[in-house]
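[1] pasting a predicted model and its sequence here:
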Amino acid sequence: MTAQPARPTADRPSPAGALAHPLARRWLLASCVPVLLVLGMALTVPPAPSAATAGTPGTADTAGMSGMSGMSGEAPDLAAAGLAAERNGYRLDLAGPAPTAGRATDLRFTVAGPDGSPVTDFAVHQTKKLHFYAIRSDLTGFQHLHPDLAEDGTWTAALDALAPGTWRLYADFVPNTGPHATELVLSRTVTVPGEAAPVPLPAPGGTATVDGYTVTLTARPVAGAHRLTAVVSRDGRPVRDLQPYLDAYAHLSAFHEGDLALAHLHPSGTVDGDHGGPELTFQALFPEPGNWRVFLQFRTAGQLHTAALTLRVD
């Protein structure tokens with residue numbers, strides 16, 4: 001078989017053609033430079049955020065949200081602050097009965113998953129599958145419950161009697177979808193009928209007393225991640241007999257004045273028998289400055305105590 005000369009291709013011109021048109025070749029190279037520069041500039045410009053990545057909170061109850069502002073003047077992520085009814089495909093649905101003023105209520109609700117059906121599999125989070133909170137718009141009436149889960153995915157929360165007014169109800173949980181599942185906080189508002197009598201928020205202070213115990217905060221936090229330390233004493237003496245509660249020596253939750261944003265405060269350290277205290281350390285994440293109503297819960301001699309104080313976050 002006789003070897004044939006190589007044929008020119010679209011991306012490899014023949015040597016003869018290249019030598020025959022040197023001016024054309026130079027013109028082509030010069031004309032490509034501006035195009036390449038424009039393309040390079042385009043690649044260095046960051047794309048505009050899409051609706052899916054711009055912090056869209058999903059379905060939210062907007063009562064009381066007008067006072068919420070981001071730490072740097074940006075629009076806040078309402079879902080991350082626990083102020084949305086839906087996040088990451090999960091939705092909080094209240095099933096009733098509606099709370100009645102002055103009467104305890106077995107409130108039923110479900111958490112719908114991405115497929116729209118009630119979720120029945122939850123990971124254990126701080127010894128419980130779900131933490132349920134209730135607080136009135138003036139930051140009174142705090143309740144922290146651990147509802148019961150039925151096989152069909154219906155939760156039942158045994159709420160104590162609620163005073164008339166607007167309440168926000170939160171569900172804090174982790175779907176059992178794997179080792180990297182994200183903690184979610186969803187909430188909705190309900191109105192308890194009757195004449196509401198708002199209670200003024202107590203002035204900020206670093207000390208609170210409950211059941212003969214005194215809780216003192218030793219650090220003034222700022223917005224964002226921060227370490228918060230509390231000391232528990234009784235009759236002026238350090239308390240060293242705190243008992244485990246939710247796999248820690250204390251549980252702390254905080255709600256922002258105005259919009260009721262929920263702050264995540266996780267305890268540090270390990271539990272070693274019934275001799276915790278007097279110092280308790282929390283990794284706090286306050287998403288915005290302002291006044292926060294803080295509820296610190298701890299157990300002694302089998303009794304749960306809840307100390308409340310107002311904390312100013314700069």
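    Received, thanks.

[2] for residue 175, see how far away residue 270 is.
    26 Å (C-beta to C-beta, to the nearest Å). Every residue, glycine included, has its C-beta placed from N, CA and C.

[3] in stretch 196-203, which residues are buried?
    Counting neighbours by 16 or more other C-beta atoms under 10 Å, one finds that the buried residues in stretch 196-203 are residue 196.

[4] so residue 120 sits right up against residue 153, yeah?
    Yes. At 4.5 Å, residue 120 and residue 153 qualify as touching, with contact defined as C-beta atoms under 8 Å.

[5] with neighbour numbers in mind, choose between residue 270 and residue 175.
    Each of residue 270 and residue 175 has its neighbours counted (other C-beta atoms under 10 Å); residue 175 has more, 19 against 9.

[6] from memory the more buried one sits against residue 153, does it?
    No. Applying C-beta under 8 Å, one finds residue 175 not in contact with residue 153, separated by 11.8 Å.

[7] shared neighbours of those two, anything?
    Common contacts of residue 175 and residue 153, defined by C-beta atoms under 8 Å, 6 or more residues apart in numbering, comprise residue 119.

[8] tell me where the stretch 51-200 of the chain is predicted with low confidence.
    Along the stretch 51-200 of the chain, segments meeting pLDDT under 70 span 51-79.

[9] what ranges do the strands span in it?
    Along the stretch 51-200 of the chain, the stretches classed as strands by DSSP state E, counting those that start in this stretch are 86-87, 90-96, 105-112, 130-136, 143-145, 148-149, 154-159, 165-173, 184-192.

[10] for residue 252, which non-adjacent residue is spatially closest?
    Distances taken as C-beta to C-beta, 6 or more residues apart in numbering place residue 265 nearest to residue 252, at 4.3 Å, with adjacent residues excluded.

[11] where does residue 304 fall, secondary structure wise?
    strand 303-313 (DSSP states H and E).

[12] list the contacts of that strand.
    Looking at what lies outside strand 303-313 - C-beta under 8 Å, 6+ apart - the contacts are 142, 144, 201-211, 213, 215, 217, 220-223, 245, 254, 286, 288-299.

[13] may I see the PyMOL selection of the buried members of those residues?
    Restricted to buried positions by 16+ other C-beta under 10 Å, the PyMOL selection for these reads:
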select buried, resi 142+144+208+213+215+217+221+223+245+254+286+288+289+290+291+292+293+294+295+296+297+298+299
